[in-house]
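Q: structural data only, the sequence is not supplied:
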């Protein structure tokens, strides 16, 4: 089993907050494909990174999680690229964790 996490920014690079319908559409698509979703949205997490020789950047993030029996890399690559366009980001981070149920 795979736990896939998608880290989504709450604002675009110009600081404009994304409308809730954008997150709802993403959540709906993931729920349809994987049969469920966990959304960490109540207290956005903080992301910090420092590009080479530039000031530290900051994002407030929400995290969507889905569980899948296997990782379809082609689908995830295409989905991530679309999210990068939709959320106007250079990169949307995703993580995959292998796990088994107890």
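A: On my side now, so go ahead. The model shown is predicted, which means the values in this text are computed figures rather than measured ones. Numbers count the residues shown, from 1 in each chain.
Q: next one: residue 50 from residue 91, what distance?
A: For residue 50, the distance to residue 91 equals 15 Å [Cβ to Cβ, to the nearest Å]. To be clear about C-beta, it is placed using only N, CA and C from the backbone, and glycine gets the same treatment.
Q: next: residue 20.
A: Taken as Cβ to Cβ, the span from residue 20 to residue 91 is 23 Å.
Q: residue 69 contacts residue 2, doesn't it?
A: Yes - using Cβ atoms under 8 Å, residue 69 makes contact with residue 2 at a distance of 7.4 Å.
Q: comparing those two, which residue is more hemmed in?
A: residue 2 (15 against 7; other Cβ atoms under 10 Å).
Q: need the next SSE after the least confident helix or strand in the chain by mean pLDDT, C-terminal direction.
A: Lowest by mean pLDDT, DSSP states H and E among the helices and strands of the chain is strand 38-49, with a mean of 74. Beyond strand 38-49 on the C-terminal side, the first helix or strand identified by DSSP states H and E is strand 57-68.
Q: residues in contact with the helix or strand just after that next one?
A: On the C-terminal side of strand 57-68, the closest following helix or strand by DSSP H and E is helix 73-86. The contact list for helix 73-86 (Cβ atoms under 8 Å, 6 or more residues apart in numbering) reads 4, 6, 8, 22, 26, 89-92, 94.
Q: separate out the buried members of the residues you listed.
A: Neighbour-count burial (16 or more other Cβ atoms under 10 Å) is assigned, among the contacts of helix 73-86, to 4, 6, 8, 26, 89, 92.
Q: quick check: bridge partners of the first one?
A: Under DSSP bridges, the beta-bridge partners of residue 4 are residue 66, residue 96.
Q: can you tell me which residues contact it?
A: 65-68, 71, 76, 94-97.
Q: can you lay out those residues as TSV showing pLDDT?
A: TSV is the format used below for those (pLDDT from 0 to 100):
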residue	pLDDT
65	97
66	97
67	96
68	95
71	95
76	97
94	95
95	95
96	96
97	95
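Q: which among those count as buried?
A: By 16+ other Cβ under 10 Å, the contacts of residue 4 give 65-68, 76 as buried.
Q: from those residues, which is closest to residue 15?
A: Checking the buried ones among the contacts of residue 4 against residue 15 with Cβ to Cβ, the nearest one is residue 65 at 26.3 Å.
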